[in-house]
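In: Mind folding the following:
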Amino acid sequence: MKRHRRAKIVATLGPASSDADTIRRLFEAGVDVFRLNFSHGSHDDHRARRDIIRALEREADYPIAILQDLQGPKIRLGKVQDGKVALATGSTIRLVLDPGGSDAEHLPLPHPEIFQAIMPGHNLLIDDGKVRLVATGMTNDMIEARVVTGGVVSDRKGVNLPDTVLQLSPITQKDRDDLAFGLELGVDWVAFSFVQRPSDLIEAHQLVGGRAGVMAKIEKPSALSSIDDIITLADAVMVARGDLGVEIPTEDVPGAQKDLVRLCRLAAKPVIIATQMLESMIQTPTPTRAEASDVATAIYDGADAVMLSAESASGQYPVQAVETMDRIIRRTEQHHSYRAVIEALKPAIEPLPQHAVAAAAAEVADAIGAAAVVAFTQSGTTAYRIARQRSAVPILGLTPHEQTARRLALLWGTYSTRSDEVTDYTEMVDQAVAQALAADYVKPGETLVVVAGVPFGQAGSTNNLRVVTA
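Out: You can find the predicted model right below:
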């Protein structure tokens with residue numbers, strides 16, 4: 001199942017893609033990570049999908065990662081009088097805490113944390129920004145707002161507050177229940193929605209307890225203002241362009257995407273670009289040219305992975321969407337300008353042996369035209385450090401831990417597999433060659449660059465580089 005590309009594909013499972021045959025076809029078409037969206041579906045639905053994925057993994061003898069995506073807090077209006085109300089541009093409206101206080105001039109907003117944090121001049125965006133209000137005054141239970149962009153507002157529409165940092169954990173009770181279930185299932189990554197501040201990730205790590213990788217979804221402007229600390233605390237990042245594009249100006253999203261990919265690469269943290277990548281393929285068998293360019297842009301930026309949402313979860317052409325994304329990635333990575341673009345950003349190397357050895361492995365592999373870099377890794381960190389160099393040479397991650405092998409399915413340019421612990425240099429070389437031959441990453445007589453840590457089996461001790469011939 002050798003993939004002929006470096007960037008990875010994440011696909012969401014849903015009503016259109018929950019049977020064993022479709023999941024198999026998605027995997028064969030190129031999916032590396034399956035996303036379980038806990039905003040939809042029951043626990044039984046997700047358990048059934050997990051069982052199919054793990055059975056497929058055993059049959060294919062190929063690590064497949066499962067990403068659990070938690071819903072996060074959903075801020076919504078209450079029940080609107082008569083089901084809907086038309087708000088005229090320039091008019092004044094009052095949002096009230098009392099859920100029963102709705103009339104033509106009052107909208108119920110049953111979220112006390114908003115009334116505690118909002119300030120004059122803050123925006124309130126209703127229904128994905130279709131209706132825009134600006135707060136002009138407030139009390140403990142009422143917000144007076146001017147309607148900047150009018151429209152019809154109906155029951156339970158979502159509300160975004162791009163300017164307001166809420167004293168609210170992004171991890172709701174539903175998320176906690178879902179997280180406990182997901183960890184029981186053995187998910188490999190957990191994505192936390194609406195991260196606002198570094199402390200949100202500290203809370204996430206406490207709940208996960210090392211049983212899965214912690215992924216921060218970047219959807220809030222407040223997250224961008226603390227992004228360095230958030231990336232440091234996260235194990236991976238998802239650029240969730242849907243909600244982010246509601247809360248910041250649309251024209252700022254491309255720049256934010258590039259900044260986030262660059263920062264994650266410098267920090268050696270995997271980054272996913274998500275939302276509306278092949279949106280038209282929900283209903284049509286081919287994407288628009290603009291969508292193809294959007295996927296290619298993420299690849300040129302150096303993203304570790306690109307993601308399909310409704311395209312694979314509820315669309316009419318889930319397998320075709322994966323096949324299309326696979327073709328776009330491969331063609332982009334084969335383009336004559338790709339290497340020049342991807343190598344333009346050279347991450348600074350921290351003055352520590354483990355960072356220098358990982359960077360040197362990528363440099364040596366490129367210089368001698370090695371068939372692969374073989375990284376012995378306990379936690380995956382060695383592979384992360386090598387991958388951030390974006391070498392033209394593929395990475396083969398060898399680990400004794402099944403969960404590490406699965407998590408590495410998200411990492412750019414890396415194929416991972418379980419291997420026995422090594423105790424000396426002879427075992428290291430023999431196993432590196434055997435595994436690379438078995439995975440079809442090297443042919444007899446070709447060269448491998450092998451990276452490991454001594455003493456063997458000690459996490460974070462990357463300090464040894466060997467060049468060997470298969």
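
In: Next, Arg24: secondary structure please.
Out: helix (DSSP: H, G, I helix; E, B strand; the rest coil).

In: beta partners for Ala240?
Out: Beta-bridge partners for Ala240, by DSSP bridges, are Ala274.

In: Let me know whether it touches Lys217 as I believe.
Out: Yes - contact status for Ala240 versus Lys217: in contact at 4.6 Å, counting by Cβ atoms under 8 Å. Using the backbone N, CA and C atoms, a C-beta is placed for each residue, glycine as well.

In: between these two, what contacts are shared?
Out: By Cβ atoms under 8 Å, 6 or more residues apart in numbering, Ala240 and Lys217 have these common neighbours: Ser193.

In: Going by secondary structure, Val190 is in what exactly?
Out: Assessed by DSSP states H and E, Val190 sits inside strand 189-192.

In: One more: Leu107?
Out: Residue-wise, Leu107 maps onto strand 106-108 under DSSP H and E.

In: elements contacting that strand?
Out: strand 92-96 (3 or more Cβ pairs under 8 Å, 6 or more residues apart in numbering; DSSP states H and E).

In: Can you list the strands that the strand it packs on pairs with?
Out: Strand 92-96 is paired, per DSSP bridges, with strand 106-108 (parallel), strand 142-149 (antiparallel).

In: Please identify the most buried of those.
Out: With neighbours taken as mean count of other Cβ atoms under 10 Å, these reach their highest mean count in strand 106-108, at a mean of 21.

In: Quick check: mean pLDDT of that one?
Out: Here strand 106-108 scores 91 as its mean pLDDT.

In: ok, now stretch 423-434?
Out: 89.

In: do the same with stretch 201-214
Out: 98.

In: now swap in stretch 299-316 and tell me
Out: 97.

In: now it, how far from the centre of its chain.
Out: Its chain's C-alpha centre and that of stretch 299-316 lie 10 Å apart, by Cα atoms, centre = their mean, to the nearest Å.

In: again with stretch 184-196
Out: With Cα atoms, centre = their mean, you get 10 Å for stretch 184-196.

In: now stretch 304-318
Out: For stretch 304-318, the distance to the chain centre is 13 Å (Cα atoms, centre = their mean).

In: What's the first helix or strand after the strand holding Val190?
Out: helix 198-208.

In: buried set for that next one?
Out: Neighbour-count burial for helix 198-208, counted by 16 or more other Cβ atoms under 10 Å, picks out 198, 200-201, 204, 207-208.

In: Including distance to Thr139, could the residues you listed go into JSON lines?
Out: What follows is these, written out as JSON lines (distance: Cβ to Cβ, whole Å):
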{"residue": "Pro198", "distance to Thr139": "32"}
{"residue": "Asp200", "distance to Thr139": "29"}
{"residue": "Leu201", "distance to Thr139": "34"}
{"residue": "Ala204", "distance to Thr139": "34"}
{"residue": "Leu207", "distance to Thr139": "35"}
{"residue": "Val208", "distance to Thr139": "39"}
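
In: Assumed His4 was part of a strand.
Out: No - judged by three-state DSSP, His4 forms no part of a strand; its state is coil.

In: what pLDDT does it get?
Out: So His4 comes in at 91 (pLDDT).

In: circling back: redo the strands paired with strand 92-96 as CSV? Include distance to Asp69.
Out: Putting those into CSV (distance: least, Cβ to Cβ, whole Å) gives the following:
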stretch, distance to Asp69
strand 106-108, 29
strand 142-149, 30
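
In: Next up, identify which helix or strand Asp44 is on.
Out: Counting by DSSP H and E, Asp44 is part of helix 43-60.

In: what's the next secondary structure element after that helix?
Out: Taking DSSP H and E as the definition, the helix or strand right after helix 43-60 is strand 65-69.
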